[in-house]
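> Fold the following for me, if possible:
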Amino acid sequence: MFKYLIAVISLWSGSVYAQTAQLSMFAATPTHTGAYISNNTASLYDVKWKFKTDGKVFSSPAVYNNVLYVGSEDHNLYAIDKVTGNLLWKFHTGGVVHSSPAVYKNVAYFGSFDGFYYAVNATTGKLKWKFKTGGEKKAGAKGLWTMKPADRYMDDLFDFFQSSPVIGIDNHDPIVYFGSSDGNLYALHALTGKKKWAFKTNGLIHTSPALYNGNVYFGSWDTFLYAVDAQTGGLKWKFETGKQPVYHLLEGIEASPT
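The predicted model follows:
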């Protein structure tokens with residue numbers, strides 16, 4: 001991936017979903033439709049600005065109140081003026097930020113490979129709270145892809161995703177949902193960072209959960225796609241996908257459901 005963020009004029013023209021709903025997140029909506037509200041655009045135009053970070057960018061930007069929020073492998077979350085491309089602030093963490101931020105009512109939520117999920121003021125970049133998980137890591141195995149030596153553990157170089165948070169409302173209380181490499185899907189009270197519930201799987205969770213009709217949908221590296229009650233964290237159902245029993249790779253679910 002790239003160290004530069006490139007803003008194309010037509011991509012940012014008009015209002016996006018977040019600016020009318022006080023909410024911006026990965027794939028546009030809690031159901032991950034990927035559809036944004038914007039003005040009609042006939043064609044793409046020239047580059048308007050570019051912004052350089054000091055690391056690769058796997059995080060997808062969220063746009064809220066004319067500010068673009070995005071993470072980088074240089075351990076920072078950036079707030080960038082959507083019109084000019086100028087830096088407004090950056091928030092430093094102890095690990096790479098592959099998580100795509102979600103912004104709700106002037107608070108930006110995101111995760112870092114330092115094992116924390118953060119809530120920061122979207123205007124000032126000041127920390128509101130942080131929540132410690134069991135830690136983040138990449139998937140891997142000994143003798144990965146049958147490479148030699150067979151007894152050496154190797155990280156999966158294609159596992160560079162991190163679960164991005166999604167915001168839902170439970171009895172007028174905003175809840176932030178996200179997965180972790182510790183195998184849990186977490187539901188936290190968005191205003192305080194206090195844990196509401198956690199649902200344990202048997203694998204890393206690098207997918208970004210989707211919300212629909214009171215359920216949270218997400219995949220795990222244990223090969224299952226899960227549907228969990230968004231209010232209680234109780235299992236509704238799970239669906240098993242394919243296994244790769246020798247190296248346990250090409251079986252974890254990284255794609256985010258919609």
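
> From here on, just use CA atoms for contacts and neighbour counts.
Will do.

> and stretch 168-179, how far apart are its ends?
This stretch, stretch 168-179, spans 15 Å end to end (Cα to Cα, to the nearest Å).

> contacting residues around that stretch?
Defining contact as Cα atoms under 8 Å, 6 or more residues apart in numbering, one finds that stretch 168-179 is touched by 30, 163-167, 185-191, 205-209, 211, 231.

> That one: which residues count as buried?
Buried residues in stretch 168-179, counted by 16 or more other Cα atoms under 10 Å: Gly168, Pro174, Ile175, Val176, Tyr177, Phe178, Gly179.

> so how far is that stretch from its chain's centroid?
The gap between where stretch 168-179 is centred and where its chain is centred comes out at 15 Å by Cα atoms, centre = their mean, to the nearest Å.

> Give me the mean pLDDT for that stretch.
Averaging pLDDT along stretch 168-179 yields 90.

> List only buried entries from the contacts of stretch 168-179.
Neighbour-count burial (16+ other Cα under 10 Å) applied to the contacts of stretch 168-179 gives 30, 163-167, 185-190, 205-209, 211, 231.

> Which secondary structure element of this protein has the lowest mean pLDDT?
One helix or strand of the chain scores below all others by mean pLDDT, DSSP states H and E: helix 9-12, with a mean of 36.

> Identify the farthest-apart pair in the buried residues of stretch 168-179.
Pro174 and Gly179 (17.1 Å; Cα to Cα).

> Got the phi and psi for the residue nearest to Gly140 when sequence neighbours are not counted?
Residue nearest to Gly140 in three dimensions, not counting chain neighbours: Asp155, with 4.2 Å by Cα to Cα, 6 or more residues apart in numbering. Main-chain torsions, Asp155, degrees, to the nearest 10: phi -70, psi 150.

> My read is that Asp155 contacts Ala139, right?
Yes. With contact defined as Cα atoms under 8 Å, Asp155 reaches Ala139; the gap is 6.0 Å.

> Looking at the two, which has the bigger crowd around it?
Between Asp155 and Ala139, counted using other Cα atoms under 10 Å, Ala139 has the larger neighbour count: 20 against 14.

> For Asn184, see how far away the more buried one is.
Relative to Asn184, and taking Cα to Cα, Ala139 is found at 15 Å.

> again with Tyr69
Computed with Cα to Cα, the distance linking Tyr69 and Asn184 is 25 Å.

> Likewise for Pro101?
Distance check for Pro101 against Asn184: by Cα to Cα, it reads 19 Å.

> The two: who's more crowded?
Taking neighbours as other Cα under 10 Å, Pro101 and Asn184 compare with Pro101 leading, 31 against 21.

> give me every residue that touches that one.
Pro101 makes contact with 25-26, 59-62, 69-71, 108-111, 164-165, according to Cα under 8 Å, 6+ apart.

> Please indicate which of these are buried?
The neighbour count (16+ other Cα under 10 Å) marks 25-26, 59-62, 69-71, 108-111, 164-165 as buried among the contacts of Pro101.

> Gly193 belongs to a helix, doesn't it?
No. Using DSSP: H, G, I helix; E, B strand; the rest coil, the assignment for Gly193 is coil, not a helix.

> From Ala139, how far out is it?
Gly193 is 27 Å from Ala139, where distance means Cα to Cα.

> Equivalent analysis for Phe116, please.
Phe116 sits 18 Å away from Ala139, going by Cα to Cα.
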